[in-house]
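Asks: With the input below, show me the fold.
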Amino acid sequence: MSSTLITAGVSAADKKVLLKTPIAFGSHLPALGTPIKWYAEQIQVTSGGTIKMKIYEPGKLISPTEILDAVSSGKVNSGYATAGYWQGKLPAAALFSAVPFGPEAGEYMAWLYFGNGLKLYQEMYDSNGYNVKVLPCAIISPETSGWFKKPIEKPEDLEGLTMRFFGLGGAVMEKLGVGTVQLPGGEIFGALEKGAIDATEFSQPAIDQRLGFHKIVKYNYFPGWHQQSTVFELLINKDTWNDMSKNQQIALDVTCRATMTYSISEGESMQFDAKEKFQEKGVKFRYWNDEMLTLFENTWLEVVEEKKKEDAFFKKVWEDMSKFRSRYDLWEKNAFLPRAK
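Replies: Below is the predicted model of the structure:
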């Protein structure tokens, strides 16, 4: 789509807006931080020069965990993160970030854009008093599910480990005897090196490679059962959003949708190269055996039942997503070739 077409409706009379945007992931990290950098370049074009974005690297203006509150209060007028960071105060938030044994990217986007996902996503913030407009603005495909110092072949091998783990998958690991902590990417290597944690998961191979985990731990496990895809969000202060013209709002939304394409394409283009380099450095790839995968899935379903009882909105979102996925199964089970062995 040409920028001429996109900007055709933008008026010279539109107020100029500067979006000051703290981000949760370093802009040097491919598919994780690079999409918002690309977005910042594109939004200036698609808005006809009426919207500019200034990015602040993690911790430079505010910490990643403060982004939602800062955008809502107006301390900053936008922010880029993933909703799973807010699950401590919004239990359903993680369902808009990454779901264990959950949808792959295509199915996730289908639910967001053509199911009730995006409507529920905004409702979550509105009903809890957050003054933000949410736009899904990047998505990546599966992550690895862990870096370990030794093979994990049976449930007992997990007991007593301390592991950096993100999102809803962390609740699964806790039930299996793992002590979990949620560290930002920049702190993980040091924690591994000092022995503060025994194992970690973070993201895709090309991203993990940048962070150097392979220098300390050599066993890298797949598939990423806890994050088959991960959604990232652009949060805009609702007052800022409402003060913009309809054309500017459309430019922000459409550019986020383009960034969804950019992010998953970038991520898919580089994982095999990273895995080849890992192999050269002695990394041993492992695929979870059937016993462990079954254990993870059954434990996840226990977590779901607990969270449904604890939070009505989690239950509402989970049931809507599950209904959509049960119908999608009719397509998925028939349409796709088996995975290569």
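Asks: Other residues contacting stretch 23-35?
Replies: 36-37, 55-58, 64, 67, 79-82, 85, 137-138, 140, 184-186, 203-204, 206-207, 210, 232, 259, 262-264, 266-267, 270 (CB atoms under 8 Å, 6 or more residues apart in numbering). (Each C-beta comes from the backbone N, C-alpha and C, glycine too.)
Asks: Among those, name the buried ones.
Replies: 36-37, 55-56, 58, 64, 67, 79-82, 85, 137-138, 140, 184-185, 203-204, 206-207, 210, 232, 259, 262-264, 266-267, 270 (16 or more other CB atoms under 10 Å).
Asks: Keep only those of the residues you listed that are in strands.
Replies: 55-56, 79-81, 137-138, 140, 232 (DSSP state E).
Asks: Now tabulate these in CSV and tack on distance to P22 and pLDDT.
Replies: What follows is these, written out as CSV (distance: CB to CB, whole Å; pLDDT from 0 to 100):
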residue, distance to P22, pLDDT
I55, 8, 98
Y56, 4, 98
G79, 5, 98
Y80, 8, 98
A81, 8, 97
C137, 14, 98
A138, 16, 98
I140, 20, 96
F232, 14, 98
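Asks: Which member of those residues is positioned nearest L118?
Replies: Taking CB to CB as the measure, L118 lies nearest C137 of those, at 12.0 Å.
Asks: Hmm, the closest one is touching I236, no?
Replies: No - if you go by CB atoms under 8 Å, C137 and I236 don't touch, sitting 10.2 Å apart.
Asks: Report the distance from stretch 71-78 to the chain centre.
Replies: Offset of stretch 71-78 from its chain centre (CA atoms, centre = their mean, to the nearest Å): 21 Å.
Asks: how long is that stretch from one end to the other?
Replies: Counting by CA to CA, to the nearest Å, you get 5 Å between the two ends of stretch 71-78.
Asks: Repeat that for stretch 195-209.
Replies: Note: stretch 195-209 ends 19 Å apart using CA to CA.
Asks: can you give me the mean pLDDT across that stretch?
Replies: The pLDDT scores in stretch 195-209 average 94.
Asks: Distance from it to the middle of the chain?
Replies: Distance of stretch 195-209 from the chain centroid (CA atoms, centre = their mean) equals 15 Å.
Asks: Counting neighbours, which bits of it end up buried?
Replies: So stretch 195-209, judged by 16+ other CB under 10 Å, has buried residues 197-209.
Asks: For stretch 161-176, buried residues please.
Replies: Quick answer for stretch 161-176 (16+ other CB under 10 Å): 161-173.
Asks: cool, stretch 129-136 as well?
Replies: In stretch 129-136, counting by 16+ other CB under 10 Å, buried: 130-136.
Asks: can you list contacts of that stretch?
Replies: By CB under 8 Å, 6+ apart, stretch 129-136 touches 68, 71-74, 83, 109, 112, 118, 121-122, 125, 231-239, 241, 252-253, 256, 260.
Asks: Of the residues you listed, select the buried ones using a PyMOL command.
Replies: Written as a PyMOL command, the selection of buried residues from the contacts of stretch 129-136, which uses 16+ other CB under 10 Å, is:
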select buried, resi 68+71+72+83+109+112+118+121+122+125+231+232+233+234+235+236+237+238+241+252+256+260
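Asks: The contacts of stretch 129-136 in strands, which ones?
Replies: 231-237.
Asks: low-scoring stretches of this protein, by residue?
Replies: Low-confidence segments of the chain, defined by pLDDT under 70: 1-13, 341.
Asks: Do you have the strands of it handy? List them.
Replies: 17-22, 51-56, 78-81, 132-140, 146-148, 162-164, 179-181, 199-200, 219-222, 230-237, 284-287.
Asks: E306 is nearest to which of the ones you listed?
Replies: So among the strands of the chain, strand 179-181 is nearest, using CB to CB, at 15.9 Å.
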